[in-house]
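**Q** Sequence and predicted structure are below.
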Amino acid sequence: MPFIDFSEYSRNAFDDVENKRLSQFNQSCVIAGILTAETQQAQDYLDMFIDTLSGRTITRGKGVQLDALGRIVGQDRQLLFEGSKKWLRPDPQNPPNTFPDGPPDTSYAWVDGVNIEINNIANDDQYRNIIKSKIIKNQVKYGSVEELQKWTKQRYGLEISVEIVGPLTIDLIVPVGTPTYIKDALAYTYENSLSDKIYYAPIPVGTSINQIKELGG
């Protein structure tokens, strides 16, 4: 998203004062000093006004400014499946006969590749991208392939394909090497008062993802 140019609102207060100063005051050092001080205050105010406008954009906003923009589009800073970290978790509860050395002991151990959702808050750079993605999602009309591709490109920088494999059933095809957390996010669902299965991605209600395949995999 390009920067918004607010230069049309910029003004040089010193030029304005110079053009409007009475000629009889040109030789007065006292008047010149007063005008310079007051003009600098006016210039500082004008510059602050431009900075305020710029700070209310997604591209240049920071901190609470981005929080306000997020509230407008309905997006908080909570990250979903954003990267894999080391964490503690119990052994999987698989049937005992699938373990060659006997049933799991359910003890905790450090493992790689477990996604953390709790207290995973986006920083400003991440939040800008999430807000832009939310704007795209808010504008989805049909849940079309093009709309899903546009959202995925903005949110994760991925070029994906969609394959229809049955009635209201699709496969998502992602590039080889796509991180697990992204595939988890694409398949993530939640429920509300309107539906018991809503995808995080802009996929129409009633449509199901059969599987997520890597291209060439």
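**A** Happy to help now that I have it.
**Q** Flag the helix or strand of the protein with the lowest per-element mean pLDDT.
**A** Taking mean pLDDT, DSSP states H and E as the measure, strand 84-89 is the helix or strand of the chain with the lowest mean score, a mean of 46.
**Q** Which residue comes closest to residue 32 once chain neighbours are left out?
**A** The shortest distance from residue 32 to any non-neighbouring residue, by CB to CB, 6 or more residues apart in numbering, is to residue 25 (7.5 Å). Backbone N, C-alpha and C define where each C-beta goes, glycine included.
**Q** contacting residues for the one you found?
**A** Residues in contact with residue 25, defined by CB atoms under 8 Å, 6 or more residues apart in numbering, are 31, 32, 35.
**Q** so of these, which ones are in strands?
**A** Among these, DSSP state E puts none in strands.
**Q** most surrounded residue in those residues?
**A** In terms of neighbours by other CB atoms under 10 Å, the contacts of residue 25 top out with residue 35 at 16 neighbours.
**Q** Please name the nearest non-neighbouring residue to that residue.
**A** residue 17 (5.8 Å).
**Q** And residue 122, by the same measure?
**A** For residue 122, ignoring the flanking residues on the chain, the nearest one in space by CB to CB, 6+ apart is residue 77 at 4.5 Å.
**Q** Spit out the contact partners of that neighbour.
**A** Listed by CB under 8 Å, 6+ apart, the contact set of residue 77 reads 67, 70, 121, 122, 127, 130.
**Q** just those residues now: which is nearest residue 174?
**A** Proximity of the contacts of residue 77 to residue 174 (CB to CB) peaks at residue 130, which lies at 19.3 Å.
**Q** I'd like the next helix or strand past the helix or strand hosting the closest one.
**A** Of the helices and strands defined by DSSP states H and E, residue 130 is found in helix 124-138. Stepping forward along the backbone from helix 124-138, the first helix or strand reached (DSSP H and E) is helix 145-156.
**Q** Look up how far residue 66 lies from residue 122.
**A** In this view, residue 122 and residue 66 are 9 Å apart by CB to CB, to the nearest Å.
**Q** Settle it for me: which of these two has more neighbours?
**A** When residue 122 and residue 66 are compared for neighbours, residue 66 comes out ahead with 25 against 20, by other CB under 10 Å.
**Q** Outline the domain layout of the protein.
**A** Structural domains annotated on the chain: 7-55, 84-115, 140-214, as defined by automatic domain parsing.
**Q** most centrally placed residue in the protein?
**A** Note on the chain: the residue nearest the mean C-alpha position is residue 130, at 1.4 Å, using CA atoms, centre = their mean.
**Q** which residues sit in contact with that residue?
**A** Neighbouring residues of residue 130 by CB under 8 Å, 6+ apart: 70, 75, 77, 79, 122, 155.
**Q** quick one on the thing from earlier: helix, strand or coil: sort out the residue nearest to residue 35 for me.
**A** In terms of secondary structure, residue 17 is helix; the call rests on DSSP: H, G, I helix; E, B strand; the rest coil.
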